[in-house]
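A.B. asks: Requesting a structural model of the entry that follows:
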Amino acid sequence: PNSFAHETTFVQIWNQAGSAIDLPGLVLELATVRAGMKEISAGGAEQDLAIADVAHAEISAKKQDGPAVMRHLREAGMWALDVAKSAGTEIAIAALKTAMGIR
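C.D. replies: Modelled structure (predicted):
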């Protein structure tokens, strides 16, 4: 039951904000964010998981699965947002903030 409620949350997030997110543009920007994360990663397990979540979000965006994008971006966390800001990837920044509930 908890996973269903969790998935419902991401469907709601996507339904509220998804129309403002350019998924094809997000795919390109997430690739940039992922590459940036790999460049600066110290190889720790938590960083590896964050990189994997960005990769999952990228794949989900290619499949036009907005709720899955939101779920993976929320899991990717603040480090992904920081790297997105450093890279100047505006679509990725907006999507990460939306997924994490940051205004």
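A.B. asks: Residue 80 reaches residue 49, doesn't it?
C.D. replies: No - with contact defined as C-beta atoms under 8 Å, residue 80 does not count as touching residue 49 (10.7 Å). (Each C-beta comes from the backbone N, C-alpha and C, glycine too.)
A.B. asks: between the two, who's got more neighbours?
C.D. replies: Each of residue 80 and residue 49 has its neighbours counted (other C-beta atoms under 10 Å); residue 80 has more, 29 against 13.
A.B. asks: so what's the more buried one up against?
C.D. replies: 33, 37, 50, 53, 54, 73, 96 (C-beta atoms under 8 Å, 6 or more residues apart in numbering).
A.B. asks: Tell me which other helices or strands the helix or strand residue 60 falls within touches.
C.D. replies: For residue 60, the host element (DSSP states H and E) is helix 45-62. Applying 3 or more C-beta pairs under 8 Å, 6 or more residues apart in numbering; DSSP states H and E, we find helix 45-62 packed against helix 23-40, helix 66-87.
A.B. asks: how far off helix 23-40 does that helix point, in degrees?
C.D. replies: Angle, helix 45-62 to helix 23-40, by axes from the mean of the first three to the mean of the last three C-alpha atoms, to 10 degrees: 160 degrees.
A.B. asks: what is the mean pLDDT for helix 45-62?
C.D. replies: Here helix 45-62 scores 96 as its mean pLDDT.
A.B. asks: Remind me which helix or strand the closest residue to residue 67 other than its chain neighbours belongs to.
C.D. replies: Closest residue in space to residue 67, ignoring its immediate chain neighbours: residue 10 at 4.2 Å, by C-beta to C-beta, 6 or more residues apart in numbering. For residue 10, the host element (DSSP H and E) is helix 2-17.
A.B. asks: Residue 64 too?
C.D. replies: Per DSSP H and E, there is no helix or strand for residue 64.
A.B. asks: Need the residues that contact the helix holding residue 60.
C.D. replies: 23-24, 26-27, 30-31, 33-34, 37-38, 41, 66, 68-69, 72-73, 75-77, 79-80, 95.
A.B. asks: Next, the angle helix 66-87 makes with it.
C.D. replies: Going by the same axes, to 10 degrees, helix 45-62 makes 120 degrees with helix 66-87.
A.B. asks: No further queries at this time; thank you.
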